[in-house]
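[1] Predicted structure and sequence below. I'll ask about it afterward.
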Amino acid sequence: MKHLLKKIAMLAVAGGIAASAQASPEADREAFQNFYKNRFTNVPMEEYPNGVYSIDPVGRENWEAIEEFSPYETFIDDGQEMWEKPFANGKTYKDCFADGPAIAGIYPLWDKKNGMVMTLPLALNKCREANGEKPLKYKKGAINAITSYIAFASRGQKTNVIIPKDDPRALEAYEKGKKFYYTRRGQLNFSCANCHLQNAGMSIRSEVLGPALGHTTHFPIYRSKWGGMGTLHRRVTGCNKQVRAKPFKAQGEQYRNLEYFLTYMSNGLELNGPGARK
Amino acid sequence: MTMSTKLLGITSAGVLLAGQLALVPVASAAGPSMVEEGKNIAFTRKKGNCLACHIMAGGKAAGNIAPPLGAMQSRFKSKAELKAQIADATVKNPETSMPPFGRHKILSDTEIDKVVDFVWSL
């Protein structure tokens, strides 16, 4: 197990220094998923979308009780209203997303035209702006309603991030996200991997550290600590703050690349958003 | 700041006194108040927050990421060695999860000395 961890860390270093051909995302994903398979031998792969509750039986009981009267339900309803209500110009989200609302499974995707990772919240705002509407904020508020509705409609789709081979910039973005994941930061000197890979399943005070595998499947989330809903980038902002690092901008390049890498690691896992968390 | 300066003053006065009377060796100048101070720093979330990862006597709801702290005097040759570990654990183990309390100035040098006195007593 230690050996595997080292191997992953080495892959990370290799990937960070040179986006060379040797570390393929597919080999990374296999090593990543095998790491958890070997650590939590009794946890089937399809459990990981449940986050920390896949490995913490006590937390799981509370979580299941919360899910009975899911705190995100009203957000799904509000999101549906947003989806159906025409913009001032008479068009709707459907004019931007013909396959909508069940479109969560295609994000994050590589936007070749703009040479960047396109996420669902960013795509929604592009649609709004193209139709003369103000963009939504990326951490709190209405963005969580519309993405709750889309996530709910997309439940059951499989995570399937694609890194197209015909544009080397896509692999570069992935490698940047990977480097971010393994880089120590902040006064407390933690990388994402320190907690959610190296120490997944261990306790920090009385909190069990959740596995990184499955982290991206269930956003947006209603988080009891927040007393409200938040996006993946809001959550990552919180992680950065906790290690006393200066957070990056929600939907900025760093977090988008991180999302690209992290979601790729969960390829094959079912989408089950929106979620509820402690 | 005023607090720690004051404490430092008291301590050096104590050391001076001890030296003059030649009753107590300087090494044991850490009186119960230093240990108590160190314990407070170690247990406080915004300070050492050692309980986040280490189980130790007197602490509640401790994490289990790192080894429990006990029998420290058999695990470290000297207080200086223990201090070096707290100041920057990545020197001994680059893959450690332990924050470098000294190198990243999470705690001041004086605070680390107090924590060392407390941990040394475990």
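    Nice, thanks for sending it over.

[2] Against which helices or strands is the host helix or strand of residue A:240 packed?
    In this structure, residue A:240 is located in helix A:232-242 according to DSSP states H and E. Packed against helix A:232-242 by the contact rule (3 or more C-beta pairs under 8 Å, 6 or more residues apart in numbering or on different chains; DSSP states H and E) you find helix A:253-265. Glycine gets a C-beta too; all of them are placed from N, C-alpha and C.

[3] Distance from the helix or strand that the helix it packs on is followed by to the middle of the chain?
    Scanning forward in sequence from helix A:253-265 by DSSP H and E, the next helix or strand is strand A:275-277. Centre-to-centre, strand A:275-277 and its host chain are 13 Å apart (C-alpha atoms, centre = their mean, to the nearest Å).

[4] Mind listing what's buried along strand A:275-277?
    Buried residues in strand A:275-277, defined by neighbour count with 16 or more other C-beta atoms under 10 Å in any protein chain shown: A:275, A:276, A:277.

[5] Within range of chain B, give me the residues from the stretch 51-200 of chain A.
    A:187, A:188, A:189, A:190, A:194, A:195, A:198, A:199 (C-beta under 8 Å from any C-beta of the partner chain).

[6] If we ignore the residues flanking it in sequence, what's nearest the third one?
    The reference is to residue A:189. residue B:99 (5.1 Å; C-beta to C-beta, 6 or more residues apart in numbering or on different chains).

[7] What of the first one?
    Closest residue in space to residue A:187, ignoring its immediate chain neighbours: residue A:244 at 3.9 Å, by C-beta to C-beta, 6+ apart.

[8] which stretch of helix or strand covers the one you found?
    Going by DSSP H and E, residue A:244 is not in any helix or strand.

[9] Next, the contact list for it, please.
    Counting by C-beta atoms under 8 Å, 6 or more residues apart in numbering or on different chains, residue A:244 touches A:186, A:187, A:188.

[10] Would you tell me what helix or strand residue 34 is located in?
    In the absence of a named chain, chain A is used. helix A:25-39.

[11] wrong chain, I was asking about chain B
    helix B:32-43.

[12] From the chain's centroid, how far away is that helix?
    8 Å.

[13] near chain A at all, that helix?
    No - remark: helix B:32-43 sits outside contact range of chain A, by C-beta under 8 Å from any C-beta, the gap being at least 11.1 Å.

[14] Only the C-alpha atoms, please, for that helix, written as CSV.
    Only the C-alpha atoms of helix B:32-43 are listed here, as CSV (Å, rounded to 0.1, in the frame of the first residue of the first chain):
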residue,chain,number,x,y,z
PRO,B,32,4.5,23.2,36.0
SER,B,33,3.4,26.5,34.5
MET,B,34,5.4,25.9,31.3
VAL,B,35,4.0,22.4,31.0
GLU,B,36,0.5,23.8,31.6
GLU,B,37,1.0,26.6,29.1
GLY,B,38,2.3,24.1,26.6
LYS,B,39,-0.7,21.9,27.1
ASN,B,40,-3.0,24.8,26.4
ILE,B,41,-1.2,25.6,23.2
ALA,B,42,-1.2,21.9,22.2
PHE,B,43,-4.9,21.5,22.7
